[in-house]
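Asks: pasted the sequence and its predicted model underneath.
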Amino acid sequence: MQTARTTQLEPVAAAEDLLRQLEGNEEPRLVTLFASRDRDQLALNRALRERLPKSTRLVGATTAGELDNRGIHAGSVVLGALFGDFEVGLGLGTGLSADAVSAGATAMKRAAQELGVRQSDLDARQYVGLVIDDGFRYKKEELLLGILEKNQALMLVGGGAADAQQDPERQSAQLHVDGEVTTDSVLVALFKTNAPWGALRSHWYQPLGERLTITRVDDSATRALEIDGKPAAQRYADMLGVAVDDLEFGKPRGFAAHPTALKVGREYFIRAPWKVLPDGSILFANLIEEGSELELMKAGDLAGMTRAFFQEELPRRVPNPQAALLFHCSGRMWYAHATGTVPSLADTLRHAPTAVGMNVHFEVYSGFHINTTLTVLAFGEK
């Protein structure tokens, strides 16, 4: 992978600045484009597409911040050019809001068709799926059902296209798929390769050894009305020994410091509560169901554990890592801002292999919708 970043605002100037930073004459097989939401996405796409080789595929999304090995940026555009022993098929599914399951199924079907393979025949040792969705549609669980309906063994990794805008009424996201810029959609980039690869995830939490049970939910299956048979927010606050007003995500003693997790085998998939509502219920970012048992977690050293992930776990899992696509939860940034650890967190990226990525609106890993996590698709070299 080669990477480039620009702060140029004019689309043609930005495209030329990005491509000027690439070295050599080899044509990249795939270019990833992660751009601040305030850019003219259509004009930027057009300028890049006109200057890239016709055989080079292009995918990307709007961000809530852009990542490369130099740190975490705002208001910029980062580009990753991937070369090597792989094929990639792209699929786009539209109409997430109306039918997310069908949108996911369509995206997966089209990606597999481009590679000339049936979905049921995808060998999970050779194929891996990258998923980017319009994060503000809150449809990850449904679209994942569609993507995996014909092959549940396929590994998926990715996150939601995002926006640095904090006002929910003004947030929006867009996706890039070759020459198309779209919203209310999901993208699947299906990789086939014999090179080493890994779909990984990193968070900074450890189990507390306590569990809670969601005993009553609302009709949307996103609000916990009762936990352990008691009003949800008060019960959660009592377990942490804090006031209800301290719970909201981003505050240093609440949900961000002590989220919940779904235990799957030996792994903990973070599914953090989001905010307390006026009626004393708790809004989750993901779907929840009555009777589900979740682990209560505690925060560790965010920067230290992320650095160890890049220095130790990633190279252990992916031999000779050459490239990494990073999907970094915006919730991690909120917590880093609240605890004054943004500089040390950003510094960990210099320990990653050559990398580009974005701050996302919730993450995808192994078919699950998770949050407060860094998900990574990394490629190595034999």
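Replies: Everything's here; your move. Residues are numbered from 1 along each chain as shown.
Asks: can you give me the end-to-end span of stretch 350-358?
Replies: The separation between the terminal residues of stretch 350-358, taken as C-alpha to C-alpha, to the nearest Å, is 15 Å.
Asks: nope, stretch 177-195 is what I meant
Replies: 24 Å.
Asks: start at 45 instead
Replies: Renumbered: residue one is now 45, and that last one reads stretch 221-239.
Asks: what comes up buried for it?
Replies: Neighbour counts over stretch 221-239 (16 or more other C-beta atoms under 10 Å) mark 221, 224-237, 239 as buried. C-beta: built from backbone N, CA, C; applies to glycine.
Asks: the most centrally placed residue in the chain sits in which helix or strand?
Replies: By C-alpha atoms, centre = their mean, the mean C-alpha position of the chain lies nearest to residue 203, the distance being 2.3 Å. Assessed by DSSP states H and E, residue 203 sits inside strand 200-205.
Asks: mean confidence for that strand?
Replies: The average pLDDT within strand 200-205 is 98.
Asks: which secondary structure elements does it sit against?
Replies: Packing partners of strand 200-205 (3 or more C-beta pairs under 8 Å, 6 or more residues apart in numbering; DSSP states H and E): strand 101-107, strand 171-178, helix 184-191, strand 241-246, strand 367-373, strand 399-404, strand 407-409, strand 418-423.
Asks: for that strand, what is the distance to the chain centroid?
Replies: Relative to the chain's own centre, strand 200-205 is displaced by 4 Å; criterion: C-alpha atoms, centre = their mean, to the nearest Å.
Asks: direction included, what does that strand pair against?
Replies: Next to strand 200-205 in the sheet, as set by DSSP bridges, lie strand 171-178 (parallel), strand 407-409 (antiparallel).
Asks: next structured bit after the biggest strand by length in the chain?
Replies: Scanning the chain for the strand with the most residues, using DSSP state E, yields strand 249-261. Using DSSP H and E, the next helix or strand after strand 249-261 towards the C-terminus is strand 267-271.
Asks: each with direction, which strands does the very next helix or strand once past that next one pair with?
Replies: Next along the chain after strand 267-271, taking DSSP H and E as the criterion, comes strand 274-275. Strand 274-275 has the following strand partners under DSSP bridges: strand 267-271 (antiparallel).
Asks: output the contacting helices and strands for the longest strand of the chain.
Replies: strand 267-271, helix 276-284, strand 304-308, strand 311-314, strand 337-343.
Asks: just to revisit the earlier point, any chance of the helices and strands packed on strand 200-205 in JSON lines, plus mean pLDDT, mean neighbour count and distance to residue 352?
Replies: Below are those laid out as JSON lines (pLDDT from 0 to 100; neighbours: other C-beta atoms under 10 Å; distance: least, C-beta to C-beta, whole Å):
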{"stretch": "strand 101-107", "mean pLDDT": "98", "mean neighbour count": "26", "distance to residue 352": "25"}
{"stretch": "strand 171-178", "mean pLDDT": "98", "mean neighbour count": "27", "distance to residue 352": "24"}
{"stretch": "helix 184-191", "mean pLDDT": "96", "mean neighbour count": "23", "distance to residue 352": "28"}
{"stretch": "strand 241-246", "mean pLDDT": "97", "mean neighbour count": "20", "distance to residue 352": "9"}
{"stretch": "strand 367-373", "mean pLDDT": "98", "mean neighbour count": "27", "distance to residue 352": "15"}
{"stretch": "strand 399-404", "mean pLDDT": "98", "mean neighbour count": "28", "distance to residue 352": "16"}
{"stretch": "strand 407-409", "mean pLDDT": "96", "mean neighbour count": "28", "distance to residue 352": "19"}
{"stretch": "strand 418-423", "mean pLDDT": "98", "mean neighbour count": "26", "distance to residue 352": "12"}
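Asks: got TSV for these, with distance to residue 134 too?
Replies: Output for the helices and strands packed on strand 200-205, formatted as TSV (distance: least, C-beta to C-beta, whole Å):
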stretch	distance to residue 134
strand 101-107	6
strand 171-178	10
helix 184-191	13
strand 241-246	18
strand 367-373	14
strand 399-404	18
strand 407-409	16
strand 418-423	15
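Asks: residues near the nearest residue to residue 381 once chain neighbours are set aside, how many?
Replies: With sequence-adjacent residues excluded and distances taken as C-beta to C-beta, 6 or more residues apart in numbering, residue 381 is closest to residue 294, at 7.9 Å. As a burial measure, residue 294 scores 15 neighbours (other C-beta atoms under 10 Å).
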